[in-house]
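Peer 1: What would the 3D arrangement of this be:
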Amino acid sequence: MPSLAPLLRDLNYDFTDQRLLRRALTHRSHSSDHNERLEFLGDSVLNFVVAALLHDAFPDMNEGDLSRLRANLVKQSALAQIAGKLALSKYLRLGEGERKSGGSKRPSILADALEAVFGAVYKDGGFSAAYRVVSHQYQPILANLDPHTLGKDAKTQLQEFLQARRLSLPIYEVTDTHGAAHNQSFDVACRIPALDIVTTASGSSRRAAEQGAAQKALQDIAGNKDVS
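Peer 2: Residues are numbered from 1 along each chain as shown. Reported below is the predicted structural model:
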């Protein structure tokens, strides 16, 4: 394992007992002294701290929207992204088979390890230390977060945009299908007559194609200063 000094710097925390950090970075494929119990602890710490950060950052937001934001900030892909910025993959201790199969880059392993690191900080320094460490990682994310769109799919965003301007909702139409019944793909058009917008997209399901067409419509709207 390389020196942990850069990771400690990026976490903005110095461990009293670095054995906790090493355990947090140890996958079960490596040894019996692995990170799963710390991951369990870190998951709870993470959810609480992110909830508190959102509660303070958005004082007028209702419970449902706060829950939506938290769910998207603590999901696997979000945690893997933070782990990537911390270069956590180079510190992971994996079994030989897991390492050879690319486990150090696997989002699930990275996300679990990050939660375990948060759990290790809690065990080492208590809740105030864990709060500082999690907050240090999430403050830049919160500073650039759009609370109105995070976690909402393209169709929902498009519908809300049009409703806010009292415009008619988009019309989705399947224009073509391809392939055998068990392996079809769909072409869908999204029409917004009031804005003279028509977009098309393909997908392995009608819903996926509709989402793609809605996303393209949102991009067209964003590029039209007279509309957005």
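Peer 1: does residue 34 really touch residue 22, like I thought?
Peer 2: No - contact criterion Cβ atoms under 8 Å: residue 34 and residue 22 do not qualify, at 10.7 Å. C-beta: built from backbone N, CA, C; applies to glycine.
Peer 1: So between the two, which is more surrounded?
Peer 2: A side-by-side neighbour count of residue 34 and residue 22, using other Cβ atoms under 10 Å, places residue 34 first with 20 against 17.
Peer 1: Nearest spatial neighbour of residue 212, chain-adjacent residues omitted?
Peer 2: residue 201 (3.0 Å; Cβ to Cβ, 6 or more residues apart in numbering).
Peer 1: Surely that neighbour is within a helix?
Peer 2: No - assessed by DSSP: H, G, I helix; E, B strand; the rest coil, residue 201 does not belong to a helix; its assignment is strand.
Peer 1: how many other residues sit next to it?
Peer 2: Neighbour count of residue 201, defined by other Cβ under 10 Å: 20.
Peer 1: What of the one 3 residues further on?
Peer 2: As a burial measure, the neighbour count of residue 204 was computed by other Cβ under 10 Å and equals 12.
Peer 1: And the host helix or strand of residue 159, what's buried?
Peer 2: Taking DSSP states H and E as the criterion, residue 159 maps to helix 154-164. Residues of helix 154-164 classed as buried: 154, 155, 157, 158, 161, 162 (neighbour count, 16 or more other Cβ atoms under 10 Å).
Peer 1: related to what we said a few turns ago, I'd like to know how far the residue nearest to residue 212 sits from residue 135.
Peer 2: Distance from residue 201 to residue 135, counting by Cβ to Cβ, to the nearest Å: 39 Å.
Peer 1: now do residue 18
Peer 2: Applying Cβ to Cβ to residue 18 and residue 135 gives a distance of 22 Å.
Peer 1: What of residue 111?
Peer 2: Residue 111 sits 18 Å away from residue 135, taking Cβ to Cβ as the criterion.
Peer 1: Residue 107 now?
Peer 2: For residue 107, the distance to residue 135 - Cβ to Cβ - is 23 Å.
Peer 1: Check residue 36 too.
Peer 2: From residue 36 to residue 135 the distance is 25 Å (Cβ to Cβ).
Peer 1: now the residue nearest to residue 2 when sequence neighbours are not counted, what's its secondary structure?
Peer 2: Among residues not flanking residue 2 along the chain, residue 90 sits closest, at 6.1 Å (Cβ to Cβ, 6+ apart). Of the three states, residue 90 takes helix according to three-state DSSP.
Peer 1: Run a quick neighbour tally on residue 90.
Peer 2: Neighbours of residue 90 under the rule other Cβ under 10 Å: 12.
Peer 1: How many neighbouring residues does the closest residue to residue 200 other than its chain neighbours have?
Peer 2: Closest residue to residue 200 apart from its sequence neighbours, by Cβ to Cβ, 6+ apart: residue 189 at 5.0 Å. Residues near residue 189, counting by other Cβ under 10 Å, number 18.
Peer 1: now residue 142
Peer 2: Residue 142: 17 neighbours (other Cβ under 10 Å).
Peer 1: what do you get for the one 5 residues further on?
Peer 2: The local packing of residue 147 (other Cβ under 10 Å) involves 15 other residues.
Peer 1: quick one: low-confidence parts of the chain?
Peer 2: Where the chain drops to pLDDT under 70, the residues are 149, 225-228.
Peer 1: Backbone torsions only: list them for the residue positioned nearest the centre of it.
Peer 2: Nearest to the mean C-alpha position of the chain, by Cα atoms, centre = their mean, lies residue 78 at 2.7 Å. Main-chain dihedrals, residue 78, degrees, to the nearest 10: phi -70, psi -40.
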